[in-house]
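# task: produce atomic coordinates for the following.
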Amino acid sequence: MTFKPENAIVWAEIPVTDMDRAQSYYKALGFGEFAMMEGGPNPVAVFQNADPSGGVAGHLYPGKPASSGTGPTVHLAAPEPLGTMSERVAEAGGKVLSPQITIPAGSFIYTEDPDGNSVAFFRAA
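A predicted model of the protein is given here:
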């Protein structure tokens, strides 16, 4: 039997060394306010999505990011066109690592957040 879930990815965690700085960074990129949750082993700042009752989501949590260029890449839906996202990333203290890459489903850019996490921003075609 082959397992075929509705979504292969159900949650993404982005480890950060400074929760306030990380929330400010992602807010500057257009992600708005985070919902704070205290019910687990660590406080987490949850990215908001259109359906607050479910869907694929993610959060920031106090943790140890992988060394630059060694961890997985989280792809987030870009709230603005990719040219604007590139500008915002640089202005907010992140690094833009690639030009816009186009694939059949849309386009994305690779970036690195202030903690060195590999984060891509995607816009559907």
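# which other helices and strands contact the lengthiest helix in the chain?
In terms of residue count, the longest helix belonging to the chain (DSSP state H) is helix 82-92. Contacting helix 82-92 under the criterion 3 or more C-beta pairs under 8 Å, 6 or more residues apart in numbering; DSSP states H and E are the following elements: strand 95-96, strand 106-112, strand 118-124. (C-beta placed from N, C-alpha, C; glycine too.)
# mind listing residues that contact the last one?
Strand 118-124 is contacted by residues 14, 29, 69, 71-78, 81-82, 85, 89, 94, 97, 105-113 when judged by C-beta atoms under 8 Å, 6 or more residues apart in numbering.
# just want the most central residue of the protein.
residue 76 (4.6 Å; C-alpha atoms, centre = their mean).
# any idea how far residue 46 is from that residue?
13 Å (C-beta to C-beta, to the nearest Å).
# next, show the common contact partners of these two.
Common neighbours of residue 76 and residue 46, using C-beta under 8 Å, 6+ apart, are residue 58.
# quick one, strands of the chain?
For the chain, applying DSSP state E gives strands covering 11-16, 35-37, 44-46, 57-62, 73-77, 95-96, 101-103, 106-112, 118-124.
# circling back: any of the contacts of strand 118-124 buried? List them.
14, 29, 74, 76, 78, 82, 85, 89, 94, 97, 107-113 (16 or more other C-beta atoms under 10 Å).
# quick one: low-confidence residue ranges for the protein.
52, 54 (pLDDT under 70).
# returning to what we had before: to residue 1, which of the strands of the chain lies closest?
strand 11-16 (23.7 Å; C-beta to C-beta).
# can you dump the C-alpha atoms of the closest one in CSV for me?
The C-alpha atoms that make up strand 11-16 are tabulated as CSV, following Å, rounded to 0.1, in the frame of the first residue of the first chain:
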residue,chain,number,x,y,z
TRP,A,11,3.9,21.7,9.1
ALA,A,12,7.2,23.6,8.8
GLU,A,13,9.3,24.8,11.7
ILE,A,14,11.9,27.6,11.3
PRO,A,15,14.4,27.7,14.2
VAL,A,16,15.4,31.2,15.2
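# cool, thanks, signing off.
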